[in-house]
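*Asks:* Dropping a prediction and its sequence here:
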Amino acid sequence: MNTSPISLLNAKDISGKNKVEKVAEQFAAILVSQVFDEMQKNVLESSLIPQSQAEKWYRQWLMDIYAQESVKSSLKPLADMIASQLANNGYRK
């Protein structure tokens, strides 16, 4: 199962009347993921225990999951606002 923030942007994954809501939710998750990435850049890294590439990939994957889950719960108003803007601009198809 693909858990990337853009996983639902494929046409085959989006169907029904919630198309705009799903796209808005995924777009908000991408934005939140980028915020998490910028926050992570400000964390001081120690050379005492170097990070492997696998750990960096895992951390990125985990931040993507956190972004998706936060948009589904506490940041739901952000996704709703984006969906509202998309619906008002004629993207209801």
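*Replies:* Cool, got the structure. Residues are numbered from 1 along each chain as shown.
*Asks:* And the residue nearest the centre of the protein?
*Replies:* Ala29 (2.2 Å; C-alpha atoms, centre = their mean).
*Asks:* What distance do you get for it to Met63?
*Replies:* As judged by C-beta to C-beta, to the nearest Å, Ala29 and Met63 stand 10 Å apart. Any C-beta I mention is one placed from the backbone N, CA and C, and that applies to glycine too.
*Asks:* Give me the pLDDT for Asn88.
*Replies:* Note for Asn88: predicted pLDDT of 82.
*Asks:* Share the number of residues neighbouring it, please.
*Replies:* Neighbours of Asn88 under the rule other C-beta atoms under 10 Å: 9.
*Asks:* Please apply the same query to Leu78.
*Replies:* 18.
*Asks:* before we move on, which element is it in?
*Replies:* helix 76-88 (DSSP states H and E).
*Asks:* For that helix, buried residues please.
*Replies:* Leu78, Ala79, Ile82, Ala83, Leu86 (16 or more other C-beta atoms under 10 Å).
*Asks:* So what does Val43 have for phi and psi?
*Replies:* Main-chain dihedrals, Val43, degrees, to the nearest 10: phi -80, psi 130.
*Asks:* And for it, the neighbour number?
*Replies:* Val43: 6 neighbours (other C-beta under 10 Å).
*Asks:* ditto for the one 3 residues further on
*Replies:* A count of nearby residues for Ser46, using other C-beta under 10 Å, gives 7.
*Asks:* what kind of secondary structure is it in?
*Replies:* With DSSP: H, G, I helix; E, B strand; the rest coil as the basis, Ser46 sits in coil.
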